[in-house]
Structure formats: C-alpha cells, structure tokens
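J.: Below is the structure, and that's it, no one-letter string:
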C-alpha cells in the first residue's frame, strides 16, 4: 500500500493547509508590527510617554499573537509521524522503527523515491562578492553552495540556505607582527538567527567563524591551508620546480626557471612551447617527494589560478586539474583557459568536493598544455586548497613570449 500524498486526506494536502495557516499567522504578526511602527511615528519624543506601554511591550505582544504557531507545529509533526506509522503497518516495503519525526522523514523520503514522487526544489543563487571601498589589496573571496555528496541525493545546492548578506573582514594581519604576510585571519559573520517560531524567522544563519587566508607562498606552519608544496614556484633544482615532476617535456628545454620578470617573489615556472609538445607537470599528494597534503572525503576544495598572455597567442589551452593515478580528472576538479582569453590578468577558480571514496593512491595536481601549444609561454604559481579563501602567490610575467601566470589572488 502506498502513501496518499495529495487529494482527499493526502499527507501533503493536510500539511499544506497547516502550513497555509502558519503563513497567515506570520503575515498577521508582521502586519501588526508595521501598523505599530506607523502609530509610533506619529508621536514626538516629548509625547512618546502617551504610548509607552505599546512601545515597551510591542515585541512581547507580537510573540503572544503567534502562540498558536506552537500548536500548528505539533499538528504538523503528529500528522507526518502518525500517517507514516499507519502506512508502515500495512506496507510491504519496510517498517517505521520509531514514531519520531526523524524516522518519519526518512520513511517518507524512501516511500517517495519508490513511488517516483517529488517536491519542488529550492532554487539557490548567490550574488557576486563586492569588496569594501577602503580595503588594502585585491584578494579574492570564493563562495560555494555545493552540498556534501553524502546527502546531496543528486542535488547540487543546499535547499535550506537562508537569504542573508555575509560580511567578511580581516581581523589579524602581518602588521601586528604576530603572523606572516599570507596568513591573515578573516572573520565571517551572518545576520542574526531567531527561533523557528519567532515572527522574524528565518532571518539569518547567525554564523560567526574565523579562518586563515590561503597563500601560494605559505605551505607550512601553524596557519597554512595550502595543500600544495612550492606552488609559488619559488624553489628550483636544475630548472625543475621542487616538489614537481615532469611527465611530458624536459627541464631546460620545454620548461625552466624564470627570474627576469617577476610579479611577486623571486622566480616562476616558464614553459617554452615548441608548437607540438604538450608539456605536463604534476605534484602527487600524500608523498614526501610531492606534497604531504592529502584529500579528505567529501570536503570542499577550491582550485584557482590567474593567467595572462602577451596578446599574440592565437592558439593554445592550459589546464590545471586534480587527477587520480590513472590520469582521470576528479569530477569537477579541472579548469581550462584559452590563451586568447588572457589578454589581461584573468583569474579562473573552480570549487569541488573530494570523492566519497578516496583512491588507494593519492591523486596529483597537474598543470599542462592541453591543446595546440604556442611556440613559447610562461606559467607560474598554481595552488589548490581545502579552504574557500584564496590569496596571492608568486608569479612571473615573461616578455616577448607567450605566457600564462597561474597563481592565487593578491592580498585581501
């Protein structure tokens, strides 16, 4: 026997009526607040004593008008639990182990999946990030709404994200002498949160957290979040960047250390394209030769680089990706840029979640010409991290050759 979802005595029909009544109560509360504010606006400060009880008790009275919400909430809970319990007694698909809201919700989801029933998904959008006008530096804040793979069930966004404005500000930097440049600490704050039955609900998340920035030049110490080593390409041995291995191309022939033109730091990686060789460098995770950084299953990561060409390239694509031991790109962990799109400094960023099932051998980050390499080019500073904060790395601009800069953004 299947659940009756809609129509006469349908579960969602009943819940819809209860939800509608709750919406009516909430609308009434907000209307009362608007009307009370309009009344108070008619009184000057000198005359405000005339409406002192209204002013003093307004919030409490508004909450009192919503007392019926608790009864409606209980009615919704009992309707869901008892309906699922009754169905489970005659169902051949399974039983409801406990008459609780949590177990009823799990039972409902299983039944809906078996009956091909759906509900409309919430559409989540995020606005562009805007930096404050008085900031020093040009760092980048990366925001993502990717849900954990463990409970996404095919979804890609959090269905219950609240509409709010998040403020991020630097609360500690190198100027106080306690931390190095590139280890700046940022604080994230959301709007105030209120109880579910408060008339101001849902308001904000109430989140308040701190996290360090990410910097390609900071890959060790107590505050680093960069999971790569030498991702600023500051250290070389015989034209091969330390911590990196060449799987295609030869040091000093197809790539090498660049020291003449520097964006930040002392050196960068130069790719000397010959029009045919698809040069590829990689750094393996979880190894002493590569980086000791590793993946955590289902954790959110960000991969970012910035590039620029000399403007004369007509062909060529560079790709930065995370690949497993067989060379297969981890889902979502890849970004490619054509050199024709890099006439000015251009940042490319992608967020992804690590697989639920991690391979026995750790993946590797790969930087390579993907197609039609130009005659010469320079690539610098790429980084990959588990945090959503990104900062600038070392990089290098080459003159009189095609080049691409791969780096984390500059200071926030």
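T.: Alright, I've got the coordinates. Note that the structure is a prediction, hence the values are computed from the model and not measured.

J.: Which residues are in contact with the closest residue in space to residue 356 that isn't next to it in sequence?
T.: Using CB to CB, 6 or more residues apart in numbering and skipping the chain neighbours, the partner closest in space to residue 356 is residue 149 (5.1 Å). Using the backbone N, CA and C atoms, a C-beta is placed for each residue, glycine as well. With contact taken as CB atoms under 8 Å, 6 or more residues apart in numbering, residue 149 is in contact with 298, 353, 355-356.

J.: ditto for residue 320
T.: Residue 320 sits next to 303, 305, 334-336, 348, 365-367, 382, 406 when contact means CB under 8 Å, 6+ apart.

J.: So residue 77 is in contact with residue 101, correct?
T.: Yes. Counting by CB atoms under 8 Å, residue 77 does reach residue 101; the two are 5.4 Å apart.

J.: circling back to that earlier point, just the contacts of residue 149 now: which is nearest residue 174?
T.: Ranked by distance to residue 174 (CB to CB), the contacts of residue 149 are led by residue 353 at 31.8 Å.

J.: Give me the neighbour count for the closest one.
T.: For residue 353, the number of neighbouring residues by other CB atoms under 10 Å comes to 23.

J.: which residues does it bridge with?
T.: For residue 353, the beta-bridge partners are residue 300 (DSSP bridges).

J.: sorry, back to before: redo the contacts of residue 320 as CSV? Include secondary structure and neighbour count.
T.: What follows is the contacts of residue 320, written out as CSV (DSSP: H, G, I helix; E, B strand; the rest coil; neighbours: other CB atoms under 10 Å):
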residue, secondary structure, neighbour count
303, strand, 24
305, strand, 31
334, strand, 17
335, strand, 16
336, strand, 14
348, strand, 17
365, strand, 25
366, strand, 21
367, strand, 25
382, coil, 30
406, coil, 26
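
J.: got JSON lines for those residues, with distance to residue 9 too?
T.: Shown next, in JSON lines, are these (distance: CB to CB, whole Å):
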{"residue": "303", "distance to residue 9": "52"}
{"residue": "305", "distance to residue 9": "58"}
{"residue": "334", "distance to residue 9": "51"}
{"residue": "335", "distance to residue 9": "52"}
{"residue": "336", "distance to residue 9": "55"}
{"residue": "348", "distance to residue 9": "54"}
{"residue": "365", "distance to residue 9": "57"}
{"residue": "366", "distance to residue 9": "58"}
{"residue": "367", "distance to residue 9": "61"}
{"residue": "382", "distance to residue 9": "60"}
{"residue": "406", "distance to residue 9": "61"}
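
J.: Adding pLDDT and distance to residue 232, write these out as CSV.
T.: Output for these, formatted as CSV (pLDDT from 0 to 100; distance: CB to CB, whole Å):
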residue, pLDDT, distance to residue 232
303, 86, 15
305, 79, 12
334, 89, 21
335, 86, 19
336, 85, 22
348, 82, 17
365, 74, 14
366, 75, 17
367, 70, 13
382, 40, 9
406, 31, 10
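
J.: ends of stretch 178-185, how far apart?
T.: 11 Å (CA to CA, to the nearest Å).

J.: quick check, distance from it to the centre of its chain.
T.: In this view, stretch 178-185 has its centroid 22 Å away from the chain centroid, taken as CA atoms, centre = their mean, to the nearest Å.

J.: Looking at it now, give me its mean pLDDT.
T.: When pLDDT is averaged along stretch 178-185, the result is 82.

J.: if we can go back for a sec, which among the contacts of residue 149 count as buried?
T.: Using 16 or more other CB atoms under 10 Å as the burial test, the contacts of residue 149 include 298, 353, 355 as buried.

J.: if we take those residues, which one ends up nearest to residue 361?
T.: Looking across the buried ones among the contacts of residue 149 and measuring by CB to CB, the closest to residue 361 is residue 355, at 13.1 Å.

J.: how about that closest one, what does it touch?
T.: Applying CB under 8 Å, 6+ apart to residue 355 gives the contacts 149, 295, 297-298, 330-331.

J.: Just those: which are in helices?
T.: The helices, defined by DSSP state H, take in residue 149 from these.

J.: ok but residue 270 is inside a helix, no?
T.: No. Counting by DSSP: H, G, I helix; E, B strand; the rest coil, residue 270 falls outside a helix, being strand.

J.: oh, and call the first residue 37 from now on, that's how I've got it
T.: Yep, numbering from 37; the last one is residue 306 now.

J.: give me the number of residues near it?
T.: 24.

J.: Check residue 263 too.
T.: Residues contacting residue 263 under the criterion other CB under 10 Å number 23.

J.: quick one, phi/psi of the nearest residue to it once chain neighbours are set aside?
T.: Distance criterion CB to CB, 6+ apart; nearest residue to residue 263, sequence neighbours excluded, is residue 329 at 3.2 Å. When read as degrees, to the nearest 10, the backbone of residue 329 gives phi -60, psi 140.

J.: quick one, what contacts residue 329?
T.: Contacts of residue 329 (CB under 8 Å, 6+ apart): 262-265, 321-322.

J.: before we move on, which element is residue 97 in?
T.: helix 88-101 (DSSP states H and E).

J.: got the buried residues for that helix?
T.: Using 16+ other CB under 10 Å as the test for burial, helix 88-101 gives 94, 98-99.

J.: Stretch 230-245 now?
T.: By 16+ other CB under 10 Å, the buried positions in stretch 230-245 come out as 233-236, 239-241.

J.: tell me which of those residues is nearest to residue 106?
T.: Closest approach to residue 106 among those (CB to CB): residue 233, at 6.2 Å.

J.: Assumed the closest one was part of a strand.
T.: No. Counting by three-state DSSP, residue 233 falls outside a strand, being coil.

J.: Surely it touches residue 108?
T.: No. Using CB under 8 Å, residue 233 is not in contact with residue 108; the gap is 9.1 Å.

J.: that older thread, export the contacts of residue 391 to a markdown table and tack on pLDDT and distance to residue 165?
T.: Shown next, in a markdown table, are the contacts of residue 391 (pLDDT from 0 to 100; distance: CB to CB, whole Å):
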| residue | pLDDT | distance to residue 165 |
| --- | --- | --- |
| 185 | 79 | 25 |
| 331 | 85 | 26 |
| 333 | 88 | 28 |
| 334 | 88 | 25 |
| 366 | 87 | 25 |
| 367 | 85 | 25 |
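
J.: Thank you, goodbye.
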